[in-house]
Every structure is written in C-alpha cells, then in structure tokens.
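Asks: okay, predicted coordinates and the sequence, questions at the end:
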Amino acid sequence: MTAVNTSAVTSATENRTGTAAPSPEEVEAGVHRIADRARTASRRMARANRAWKDLALEKIAEDLVAKRDVVLAANAEDVRRGRDGGTSEAMLDRLSLTPERIEGLAAALRNLAGLPDPVGSVARGQTLPNGLRLRQVHVPLGVVGAIYEARPNVTLDIAGLALKSGNAVILRGGSAAASTNTVLVDLIRDALDTVGLPSDAVQTIDGYGRPGANVLMKARGRVDVLIPRGGRALIQNVVTNAAVPVIETGEGNVHIYLDESAPEEMASEILLNAKTQRPSVCNTVETLLVHSASTAAPAVLAALAASGVRLHADERVRGILPDGVEAAAATDEDWGREYMDLDLAVAMVDSMDEALEHIRRWTTGHTEAIITNDLANAERFIAETDSAAVIVNASTRFVDGGELGLGAEVGISTQKMHARGPMGLKELTTTKWIIQGEGQVRG
C-alpha cells in the first residue's frame, strides 16, 4: 500500500499511513464504513435545495483560491514524485496544477453554482383519462463511486457535479495524485461542514490503495453507480471486474477526416489546436485521415511537424510529405492507439467510404470530426458516424463539459445508455415516477 505523503490527513477520509498494510478484512470493513456514511449523507443531499448546494460550491471555490499555496505545495510533491519515477511529460501535464489552473477550477465551480438544479425537474407528465396525474421527475443517483488517475482537477469536477446534483461521492484518485487529492478532499469536506451540509457527501478511499478500489467495485447495494475515468487499462479493469453498475467513460482514439474540399488555413488551425493545445487529454486528435485529392494535406502536415508533432504515416502519406518533414511508418498499433502525447497517426483514403470504414474499425466511440466545405459530405459524416460526439469544422478539444456549457464533466461516456458524451449534472440523476390520484383503482 502506498502511504499518503501529506500532513493533511483526516480520520474521516479513512487514510492509513505506516509500513503495515491493512488486511483484506480491514480494507473491506473500512471501505464499507465509508460507503455507509456516504449513503446517510446522500439522503441529506437529496433534500438540500439549490441555494444550499450553490452556497457549498461557492465556499469550495473561495477556499480553493484562499488555500492555493497549500494545494500547489501538495501538487509539487506529486509532480516531483512522478518525475523521479519516470512519468512521461504528457502525464505530468495532466497531474500538474498551476495558479492559472486553480483559478480556472474555482471559476468552473462558481459557474456550476449558476446552472439550474436538475433535481426535481420534470422529464414528462400527463393526466390520464381516469384522473391519475403522472410526473417523471429527475432525482439523484445516490452514492456515486469514481475511479480515476493522475488528474487532481477531476477531484473538484466530480465532487462539484455530485454535490450540485444531490449525490454523495466516493473518490479513488490514485497514488500519483495522492498528496494533492488529500488536500482537496479535506478542503471540500471543511467547506461542506461550514455551510451545514454533510461532509461525508465527499470522501476518498485513496488510503486503501488498489485493494480499496477493488472493494469499491464489488460494493453492490452500497454504491449505486461507478464511473471510471482514465486510460484503457483502468477502464477495462473496472468494466470487467465491477459488480456495481458502471457508466463507461472511454479512451479517446479521436479521428479527424480531412475532406478533399477542406481549406488549407482552416484545416491547419483546427489540426494544430486539436493536437497540440493539450495533447495529454482524451479529446485530443490521435488519427488524421486525409483524402487523396486534398490540396491542403501537405501544408497541414508541415505545420504539424513544425509544431513538434511526431507523424506516424502510411506509405501514401509519406509520399506527399513536403521536403524536410519526416514520418515513421505507421502500423496497426498506431491506428488503435491513444497516444496522449505529441504523436499523430496519418492515413490516406480515396473516399469518404474509406474514411468511415477506417473510423468504424478503430474508433473508441468518443469523438470524430470532419473538415470540409461540402455540405453534403458534412451531413453524411454526421449521419453515418456512430460516436458520442461528431464535429464539423471545429477542434475536437471542444468536447468537454465546461466548453459545452455543462459547468464541468464527470467524464465522457462512450456507451449508449442514459448518459452519452460529456456527463454533466443531468447525467448524474435518474428518474422516478410520481403518480397522484383520488382513490382510483384498476379495473
């Protein structure tokens, strides 16, 4: 078990330090205690009105800014430990917080406070011929478990969304961000206590390490839904082993199709943004498909290479590279890979049929985009692409809860259940039927 390297550890988060690892029985009992407290807290959160929940979000934002130096010091420990352990620069970027990122997280919490409360909103309703009055209303899911890795910003995103939607949340943020997450969870719990909401609405099981995550996955009846957010290995581990219902968030093997009509300047700007703005996140483009008749392709590839992008291209693409631009030979591994770094797979196709076939074979169902000046091609691409998000003539980096007006996101769901795409407040609710009568009986 990895000990949490911080002095800000509270008994309420059940963190354990020292050299002796707890027994499997102790881990199970500890995680179950956390889940039971979360269940109690969820009942109070379900009754909290919007003003109360918004007050909590504003307080968390205020304390986050006020305690910025403490958060950054803890984050520096995590980053230093990651760098010493050989963590890639892309992953270190995901792990790192800066004053600017903290200000952005606080702004997102305040923005979340300004959004409508989904709890109690009516999905549909009617009065039947027999006089029964029906309403299907949105209600909290209850106890939400979240398993993620190396992303301390996710701690705030998920906690904020869970609180606003009236849920309690149990967090497993992983050892890479242990110091930062401990400080953030303590900060959130203190803010909840200050405004009179149950601090147990936000808890962490990080002190129990991977064994604790395994117990959480099996805590059916104590946890209502589990949401994994991370790379392929993490997500598949949760999907394969969980007994708790899972909302699957997917890795982002994101494609952009450069249609033959795509204008050079727009295509270059979109590709540069989609690949280089923040390559370590899941909405970054990983594969570029270029039409063989595209006149923009050589300039686009040159611009990418000049920005430090390492190209992995098929033979036909390598044949059109401008002088001075190099590319490694692409393999099947490249077409299926989520690099999360400054690498890009590039293939040439002769038609939209070929582009769509390539996407269907290799997609993870996250996001696909087309750059085109042909309206018919745009409409066909929208109709025939089966992913959570489809984009025409814009960067894939917009597939993000904050950018799409959701305030934040728990993750980007690639499944086809009630939640698909960026998951905001409404996706953390379910519904129940309310039936009101005046003595009616069924004949």
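Replies: Structure's in. What do you need?

Asks: the worst-scoring helix or strand of the chain on mean pLDDT: what's the following helix or strand?
Replies: Least confident element among the helices and strands of the chain, by mean pLDDT, DSSP states H and E: helix 89-95 (a mean of 87). Next along the chain after helix 89-95, taking DSSP states H and E as the criterion, comes helix 99-113.

Asks: just the residues contacting the helix or strand just after that next one, thanks.
Replies: Proceeding N to C from helix 99-113, the next assigned helix or strand is strand 122-127, under DSSP H and E. With C-beta atoms under 8 Å, 6 or more residues apart in numbering as the test, strand 122-127 has contacts from 133-138, 431. All C-beta atoms are positioned from the backbone trio N, CA, C, and that covers glycine.

Asks: pick out the most distant pair among those residues.
Replies: 133 and 138 (17.6 Å; C-beta to C-beta).

Asks: what about those two, which has more around it?
Replies: A count of neighbours by other C-beta atoms under 10 Å puts residue 138 above the other of residue 133 and residue 138, at 20 against 13.

Asks: what helix or strand is residue 78 located in?
Replies: Using DSSP H and E, residue 78 falls within helix 68-84.

Asks: just residue 438 next, same as before
Replies: Short version, using DSSP H and E: residue 438 is in no helix or strand.

Asks: check contacts around residue 136.
Replies: Taking C-beta under 8 Å, 6+ apart, we find residue 136 in contact with 122-125, 431-434.

Asks: and stretch 324-332, how far apart are its ends?
Replies: From its first residue to its last, stretch 324-332 covers 25 Å (C-alpha to C-alpha, to the nearest Å).

Asks: who touches the longest helix seen in the chain?
Replies: Using DSSP state H to define each element, the chain has its longest helix at helix 24-47. Residues from elsewhere that reach helix 24-47, judged by C-beta under 8 Å, 6+ apart: 14, 16, 22, 53, 119, 139-140, 142-143, 163, 166-170, 197-201, 203, 205, 208, 211-212, 215-216, 219, 222-223.

Asks: what does stretch 265-283 give?
Replies: Applying C-beta under 8 Å, 6+ apart, the external contacts of stretch 265-283 come out as 90-91, 93-94, 250-252, 254, 256, 258, 284-285, 288, 296, 299-300, 303-304, 307-309, 338-342, 344, 366-367, 369, 371, 393-400, 412.

Asks: quick one on the thing from earlier: list the helices and strands the next helix-or-strand element following the longest helix of the chain packs on?
Replies: Counting by DSSP H and E, the next helix or strand C-terminal to helix 24-47 is helix 50-66. Helix 50-66 sits against helix 99-113, helix 152-164, helix 178-195, with contacts defined as 3 or more C-beta pairs under 8 Å, 6 or more residues apart in numbering; DSSP states H and E.

Asks: just those helices: most buried one?
Replies: Across the helices and strands packed on helix 50-66, averaging neighbours per residue (mean count of other C-beta atoms under 10 Å) puts helix 152-164 on top, at a mean of 27.

Asks: got the contact list for residue 71?
Replies: Contacts for residue 71 (C-beta under 8 Å, 6+ apart) come out as 64, 97, 102, 180, 183-184, 187.

Asks: farthest-separated two in these?
Replies: 97 and 187 (12.8 Å).

Asks: and the least confident helix or strand of the chain, what's buried?
Replies: By neighbour count on 16 or more other C-beta atoms under 10 Å, the buried set for helix 89-95 is 90-95.

Asks: then stretch 44-53?
Replies: Those buried within stretch 44-53 under the rule 16+ other C-beta under 10 Å are 45-46, 48, 50, 53.

Asks: dump those residues to CSV, plus distance to residue 324 and pLDDT.
Replies: Listed next are the buried residues of stretch 44-53 as CSV, based on distance: C-beta to C-beta, whole Å; pLDDT from 0 to 100:
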residue, distance to residue 324, pLDDT
45, 59, 98
46, 62, 97
48, 61, 97
50, 58, 97
53, 56, 98
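
Asks: and which of the residues you listed is nearest residue 129?
Replies: residue 46 (32.8 Å).

Asks: which of the contacts of stretch 265-283 are buried?
Replies: Looks like these have 90-91, 93-94, 250-252, 254, 256, 258, 284-285, 288, 296, 300, 303-304, 309, 338-342, 344, 366-367, 369, 371, 393, 395-400, 412 buried, using 16+ other C-beta under 10 Å.
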